[in-house]
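>>> got a sequence here, can you model it:
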Amino acid sequence: MPNPSVFWTDAEVIVAVYFLSRGVTEVAISEMLQARGYHRSISSVRCKTMAIARQNKKLQKSRDEWDIRAVDFWLDSRTLPHGVVSQVIGPTDKDIAIMGEYGLSEVVLENLSCITLFWSELIP
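Residues are numbered from 1 along each chain as shown. Down below sits the predicted model:
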């Protein structure tokens, strides 16, 4: 069995990349993962998401700016079915509370509204 401190499940990766791309900090993501039953340090979240960004260069417009559209398409390329991915990225009440603790609610809502506009342009 792989060492759980090294091996990341697809669900963990999806949570980390999705929420980081929406403006949630590594600190908050670490806590959100812990609330979901995973144990990832802040530096572990940072290292994992940086490695994913290096392997998938289209996910970021620049070092500090994620391409949310590219991230969404990448999420659908993971091994989990689309419906499961949607469940995994759905913020829990605890996620929302954690984001609120770090003052991230407005940033995340702004990013989510941009995505809603994008998808409404694609779907007539």
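
>>> phi, psi for residue 61 please.
phi -80, psi -30 (degrees, to the nearest 10).

>>> contact partners for it?
When contacts are counted by CB atoms under 8 Å, 6 or more residues apart in numbering, residue 61 touches residue 67. C-betas here are computed from N, CA, C, even on glycine.

>>> quick one: it from residue 68, how far?
9 Å (CB to CB, to the nearest Å).

>>> I'd like the distance from stretch 54-63 to the chain centre, please.
Relative to its parent chain, stretch 54-63 has a centroid offset of 14 Å by CA atoms, centre = their mean, to the nearest Å.

>>> that should have said stretch 79-97, apologies.
The answer for stretch 79-97 is 9 Å, by CA atoms, centre = their mean.

>>> list the buried residues of that stretch.
For stretch 79-97, the neighbour count (16 or more other CB atoms under 10 Å) marks 80, 85, 88-89, 91, 95 as buried.

>>> show me those that map onto helices.
Among the buried residues of stretch 79-97, DSSP state H puts 85, 88-89, 95 in helices.

>>> now those residues as JSON lines including distance to residue 25 and pLDDT?
Formatted as JSON lines, those follow (distance: CB to CB, whole Å; pLDDT from 0 to 100):
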{"residue": "85", "distance to residue 25": "22", "pLDDT": "86"}
{"residue": "88", "distance to residue 25": "19", "pLDDT": "89"}
{"residue": "89", "distance to residue 25": "17", "pLDDT": "88"}
{"residue": "95", "distance to residue 25": "13", "pLDDT": "91"}
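
>>> tabulate the residues you listed (TSV), appending distance to residue 36.
Converted to TSV, these look like this (distance: CB to CB, whole Å):
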residue	distance to residue 36
85	14
88	9
89	12
95	8
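
>>> out of those, who's nearest residue 20?
Using CB to CB, residue 89 is the member of these that lies nearest residue 20, at 11.7 Å.

>>> near the nearest residue to that closest one once chain neighbours are set aside, how many other residues are there?
In space, and not counting its chain neighbours, residue 89 is closest to residue 18: 4.7 Å by CB to CB, 6 or more residues apart in numbering. By the criterion of other CB atoms under 10 Å, residue 18 has 21 neighbours.
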